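[1] Quick check, what structure comes out for this input:
(one chain, ligands or ions: 1)
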Amino acid sequence: MKIILIGFMGSGKTTVANILAKKLNLEVIEIDQLILKKSGKSINQIFSEDGEMRFRELEIKMAKSLAKKDKCIISTGGGVVINKINIDYLKENGKIIFLKTSLSEVKKRLKNDKVRPLFKNKKFIKKMFDFRQALYEEYADLIISTDGKSVEKITYEIISQN
Ligand code: S3P
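    Numbers count the residues shown, from 1 in each chain. Okay, here's the model as predicted:
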């Protein structure tokens, strides 16, 4: 079994991935963490020193390296859907689950966030959110709404629909 979690920043992918992995006894893999390891830099550093394009290149590399992976829960970065090739790599024998969270909920959760370079540009966020929403929906095999739900409820819904 291979589950890939997609969704906007702050949709709970990391938290849900960790709990799902424990419950299903599967390995959890976080693409952002693989990028950190590979580059030896934080995401903020990659964006500011090397640019977003470099980050996206590394993201594609990591997605490619996971194409044949099985028995795992993969947590992606919110921008993974920008390059469709990522989805093609990740969905090989896997199920893509979109954690759907409203923008107002995302803003509440990330109010004090310092680690997400793309969340700093407040004017751009609504546009980015709307643009990506359509992609998450297109690529998802299953959509789970998360607003107002506990992590336990979300993981329960995922497990019962698998
Ligand atoms: C990004 C989301 C981040 C991280 C990077 C870019 C995005 O991951 O990959 O800051 O483009 O939405 P999270 O979705 O885990 O915040």
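[2] excluding its backbone neighbours, what's nearest Ala21?
    Val28 (3.7 Å; Cβ to Cβ, 6 or more residues apart in numbering). For the C-beta atoms, the positions are set from N, CA and C on the backbone; glycine is no exception.
[3] got a list of what that neighbour touches?
    Each residue near Val28 by Cβ atoms under 8 Å, 6 or more residues apart in numbering is listed here: Ala17, Asn18, Leu20, Ala21, Cys72, Ile73, Ser75.
[4] Run a quick check on the fourth one versus Lys71, I expect a contact.
    No - the pair Ala21 and Lys71 fails to qualify as a contact (Cβ atoms under 8 Å) at a distance of 10.1 Å.
[5] Have a look at the two and say which one is more surrounded.
    Neighbours were counted for Ala21 and for Lys71 using other Cβ atoms under 10 Å; Ala21 has more, 19 against 10.
[6] Report the beta-bridge partners for the spatially closest residue to Ala17 that is not a sequence neighbour.
    Distances taken as Cβ to Cβ, 6+ apart place Ser75 nearest to Ala17, at 3.8 Å, with adjacent residues excluded. Note on Ser75: beta-bridge partners by DSSP bridges are Leu5, Glu30.
[7] close enough to count as contact, Ser75 and Glu27?
    No - with contact defined as Cβ under 8 Å, Ser75 does not count as touching Glu27 (11.4 Å).
[8] Neighbour count: those two, which is higher?
    Legend: neighbour count by other Cβ under 10 Å for Ser75 and Glu27, higher for Ser75 (26 against 12).
[9] From the ligand, how far off is Ile73?
    Separation of Ile73 from the ligand (Cβ to the nearest ligand atom, to the nearest Å): 14 Å.
[10] Name the helix or strand for that residue, please.
    Element membership for Ile73 (DSSP states H and E) is strand 72-75.
[11] Need the CA coordinates for that strand. PDB is fine.
    The C-alpha trace of strand 72-75 is given here as PDB (Å, rounded to 0.1, in the frame of the first residue of the first chain):
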ATOM      1  CA  CYS A  72       4.700   3.900   2.700                       C
ATOM      2  CA  ILE A  73       2.800   7.200   3.400                       C
ATOM      3  CA  ILE A  74       4.300  10.100   1.400                       C
ATOM      4  CA  SER A  75       3.700  13.600   2.600                       C
END
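[12] distance between it and the chain's centre?
    Here strand 72-75 shows a centroid-to-chain-centroid distance of 10 Å under the convention Cα atoms, centre = their mean, to the nearest Å.
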